[in-house]
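Novice: sequence? don't have it. structure:
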């Protein structure tokens, strides 16, 4: 197999400390709007375009039988305005959080440096929209310090988030990587794993540093599961060299 040329890292819960802030912010905005959805359901569905997620959850709360895997194919425009109001409130809560505190997962920056030393390009992708992605990037300074090559969000993919693979494809296009057999995707949510599978990535790796357990993530197609991102270099040397 050809060598790995690109690793696409999720942000919150994978390379950025989360402490359940994303799910909590989504849940708070929903509860304030009267949408009764358990926090656990948000934990299992973060990593997606949050507007689409709210549309999906509103529809399900009203009796629609929908599959999470079909999130970006559902066309739930009748719930868009209601979802947008929740999303706007969530954005305020989430931006306040990241402007006050944003921290890298222990070992993440060292892994980025290791990738660079091996000639592997580093991209981040996220279900966040541009404003929240920008707040995280400015707070951590990864691009400015040369630790990462590209920071992708759902707006780079025309608003189409995970489970669709388009953020991964965008990173490949921008960084000149032509084969998914040279790409690894790593993340802490079902949406991450679904996007990696849909892209056909050579490695599709789950990490347990975020909101989801091994039991939850194990139900989705993956090539490996790690306690955290810091174990990634050893895995690459062992199984992807």
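Specialist: Here it is on my side, so go on. Since the model is a prediction, treat every value here as computed from it, not as a measurement.
Novice: got the buried residues for the biggest helix by length in the chain?
Specialist: Counting by DSSP state H, the longest helix found in the chain is helix 80-100. Buried residues in helix 80-100, counted by 16 or more other Cβ atoms under 10 Å: 83, 86-87, 89-91, 93-95, 97-98. Just so you know, the C-beta spots here come from the backbone N, C-alpha and C atoms, and that holds for glycine as well.
Novice: Nearest to residue 119, out of the residues you listed: which one, please.
Specialist: The nearest member of the buried residues of helix 80-100 to residue 119, counting by Cβ to Cβ, is residue 98 at 31.1 Å.
Novice: looking at it, the closest one is touching residue 137, isn't it?
Specialist: No: at 10.0 Å, residue 98 and residue 137 do not qualify as touching, with contact defined as Cβ atoms under 8 Å.
Novice: who touches the longest helix of the chain?
Specialist: 21-22, 25-26, 28-30, 32-33, 35, 50-52, 54-55, 58, 76, 128-129, 131-132, 135-136, 139 (Cβ atoms under 8 Å, 6 or more residues apart in numbering).
Novice: The helix or strand just after it: which residues count as buried?
Specialist: Of the helices and strands lying after helix 80-100 in sequence (DSSP states H and E), the nearest is helix 108-117. Residues 108-109, 111-112, 114-115 are the ones in helix 108-117 that count as buried (16+ other Cβ under 10 Å).
Novice: before we move on, what about stretch 205-213?
Specialist: Neighbour-count burial for stretch 205-213 [16+ other Cβ under 10 Å]: 205-212.
Novice: Mind picking the two most distant members of these?
Specialist: The widest separation within these (Cβ to Cβ) is 16.5 Å, between 205 and 211.
Novice: Quick one: mean pLDDT over stretch 130-145.
Specialist: Averaged over stretch 130-145, pLDDT sits at 96.
Novice: Helices of the chain, start to end?
Specialist: Under the criterion DSSP H, helices of the chain are mapped to 21-32, 39-45, 50-61, 80-100, 108-117, 130-140, 166-175, 190-199, 214-217, 232-235.
Novice: tilt between the longest one and helix 21-32?
Specialist: Orientation of helix 80-100 against helix 21-32 (axes from the mean of the first three to the mean of the last three Cα atoms, to 10 degrees) gives an angle of 140 degrees.
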